[in-house]
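Visitor: Sequence first, predicted model second:
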Amino acid sequence: MKPKRSTLLKLINYWLPFVGAGIKIKSISDDILSIDVEMKLRWWNRNYVGTHFGGSLYAMTDAFFMMILLENLGKDYIVWDKAATIRFKKPGRGTVYAHFHIPLEEIDRIRNLADTNYKVEPQFTVNVVDVNGNVIAEVDKLLYVRRKDKI
């Protein structure tokens, strides 16, 4: 049974690693296919030169593709983050944002591949942008998905 979107939003926003980094989930779509995240620049997530700490920029992209898949594939599937690459494009100043979305057709494709193969390793890309839409960082996420009954 899926948790309510509002409950998920509240729980995640009080998760200590996100609180500590200053990460806030702004919205989760009703179908849990899209998640919007923001992070304000604060004294505790700023680096030596006064811009967003790279680890915080990565942290704001860490779990959301995995969460979307887990919520939409259901309890019969294992979903893990397997690898990630982050490319810093510009210094992050002020509030930064990331939008995560996996279309339902892609989730169905992943489910079908996981049902017919041992595993599937989908890759997704998300941009961290500033208030003007300038790309601050580009993050590629490689996930691991398989059915629990396929050992």
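Guide: Received the coordinates, thanks. Numbers count the residues shown, from 1 in each chain.
Visitor: Longest helix in this structure, please.
Guide: Longest helix in the chain by number of residues, with DSSP state H as the criterion: helix 104-116.
Visitor: who touches it?
Guide: Contact with helix 104-116 is made by 31, 33, 68-69, 72-73, 77, 120, 122, 145-147, 150, as judged by Cβ atoms under 8 Å, 6 or more residues apart in numbering. C-beta coordinates here come from the backbone N, C-alpha and C atoms, glycine included.
Visitor: repeat that for 6 Å
Guide: 72-73, 120, 122, 145-147 (Cβ atoms under 6 Å, 6 or more residues apart in numbering).
Visitor: swap in stretch 56-63?
Guide: Applying Cβ under 6 Å, 6+ apart, the set of residues contacting stretch 56-63 is 21, 23, 37, 39, 45, 86, 98, 126, 128, 137, 139.
Visitor: at 8 Å instead, please
Guide: Applying Cβ under 8 Å, 6+ apart, the external contacts of stretch 56-63 come out as 17-18, 21-23, 37, 39, 45, 81, 84, 86, 88, 92, 96, 98, 100, 126, 128, 136-137, 139, 141.
Visitor: Keep only those of the residues you listed that are in helices.
Guide: Among those, the members falling in helices (DSSP H) are 17-18, 21.
Visitor: Whichever of these end up buried, select them in PyMOL.
Guide: Filtering those down to the buried ones (16 or more other Cβ atoms under 10 Å) takes a single PyMOL command:
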select buried, resi 18+21
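Visitor: Leaving out chain neighbours, which residue sits closest to residue 89?
Guide: Counting by Cβ to Cβ, 6 or more residues apart in numbering, residue 135 is the residue found nearest to residue 89 once chain neighbours are left out, at 4.8 Å.
Visitor: Show me the residue at the heart of the protein, geometrically.
Guide: What sits nearest the mean C-alpha location of the chain, by Cα atoms, centre = their mean, is residue 64, with 2.4 Å.
Visitor: so what pLDDT did it get?
Guide: pLDDT recorded at residue 64 is 95.
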